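Participant: Here is my input; please provide its structure:
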Amino acid sequence: MTRHDRRDDGTSLMELLVVMGLMSVVMMMVTGAIIQVYRTVQTTDTLTAAQQQLSVAFQRFDRQLRYATWINQPGVPLNSKTWYVEFASREPNATTGVEEDRCRQLRLELQPAGSGVAKDKGLLQLIEWKPGSTPTPGARGATIAAGIDTTDLASTAAEVGVGGKSAPFELQKAGDRPYPTASVGSDFASGYQRLRIHLKTKVSAGTAEIDTTFTAVNTTMNSNTEANSCSAGRP
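Facilitator: Predicted coordinates:
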């Protein structure tokens, strides 16, 4: 007599455990892949944000510094933890078209108000004024870049070169030989003043760096003197 298969015997506990184990492995692999994709996207976004900060700064520097007629020696006043560099230019007035002198200052605050002792909160600003109307101490300027990583930046002029600390701004005067150790071009001497800017921005886990030298094409050997009315803008 033939026994008919009623197909209602169910599933054994062992089969259920095996299936659950396999599903757990698959879910772990899928979850891990999703997390990895999320982290990659987040890292890319933060890196893009950091690079965008420096890209904007580069464009402003290139436009403002290229036609400067004088650049001051960068420095940091005693106990201020703020780097300054002033430069002058002559350009037409937007309203009258008459050329007039303009003063500008790049100011890098290593520890701006509210940042505490954080090393990734440096603030770079650009301040503009007309000669004779020196900005008041503490006057705020246009923010060029925020989130500057100040870990490797000297907080005083005396710290430059000590323990790997560097200055964010470096002036190369007209006639200087900026590459004395280079195997090629060691005899090169610029006929213009040049300003080297070395900064690093940090946004979350993303970092970007700029190390660029800008040439002021309207400067000469006579521009090396620090006797300029724009010097008065430094505290």
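
Participant: the strands in the chain, which residues?
Facilitator: Counting by DSSP state E, the chain has these strands, from start to end: 68-71, 82-92, 99-109, 122-129, 142-148, 169-172, 193-203, 206-216.

Participant: between those strands, which gets nearest to Val30?
Facilitator: Distances from Val30 to each of the strands of the chain were compared using CB to CB; the shortest belongs to strand 206-216, at 26.8 Å. The C-beta positions use only the backbone N, C-alpha and C, and glycine is treated the same way.

Participant: Now do the closest one: which elements does it pack against?
Facilitator: Strand 206-216 is packed against helix 13-65, strand 68-71, strand 193-203, with contacts defined by 3 or more CB pairs under 8 Å, 6 or more residues apart in numbering; DSSP states H and E.

Participant: for the strands of the chain, which one sits closest to Ala158?
Facilitator: Ranking these by their distance to Ala158 (criterion: CB to CB) puts strand 82-92 first, at 13.4 Å.

Participant: most tightly surrounded among the strands of the chain?
Facilitator: When you average the neighbours per residue for each of those (mean count of other CB atoms under 10 Å), strand 68-71 leads with a mean of 25.

Participant: counting contacts, what elements does that one pack onto?
Facilitator: strand 82-92, strand 193-203, strand 206-216.

Participant: Any chance of a markdown table for the ones you listed, columns distance to Val117 and mean pLDDT?
Facilitator: Converted to a markdown table, the helices and strands packed on strand 68-71 look like this (distance: least, CB to CB, whole Å; pLDDT from 0 to 100):
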| stretch | distance to Val117 | mean pLDDT |
| --- | --- | --- |
| strand 82-92 | 15 | 91 |
| strand 193-203 | 15 | 84 |
| strand 206-216 | 19 | 82 |
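
Participant: Now render these as CSV, adding distance to Glu109.
Facilitator: Listed next are these as CSV, based on distance: least, CB to CB, whole Å:
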stretch, distance to Glu109
strand 82-92, 5
strand 193-203, 13
strand 206-216, 18
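
Participant: close enough to count as contact, Lys200 and Ser166?
Facilitator: No. The pair Lys200 / Ser166 is not scored as a contact, 10.5 Å apart, by CB atoms under 8 Å.

Participant: shared neighbours, those two?
Facilitator: In terms of CB atoms under 8 Å, 6 or more residues apart in numbering, Lys200 and Ser166 are both contacted by the residues Asp152.

Participant: Tell me where the model's unsure across the protein.
Facilitator: Scanning the chain for pLDDT under 70 picks out the ranges 1-10, 42-51, 53-54, 57, 178-186, 203-206.

Participant: let's see it at 80
Facilitator: When residues are selected by pLDDT under 80, those of the chain lie in 1-13, 37-61, 63, 94, 114-118, 120, 137-138, 177-189, 201-209, 226.

Participant: Of all the helices and strands packed on strand 206-216, which one is nearest Thr134?
Facilitator: strand 68-71 (16.0 Å).

Participant: if I pick the closest residue to Glu128 other than its chain neighbours, what's in contact with it?
Facilitator: Spatially, and ignoring its direct neighbours in sequence, Glu128 is nearest to Arg104 (5.2 Å; CB to CB, 6 or more residues apart in numbering). Under the criterion of CB under 8 Å, 6+ apart, the neighbours of Arg104 are Gln64, Ala68, Glu86, Phe87, Ala88, Ser89, Leu126, Ile127, Glu128, Cys230.
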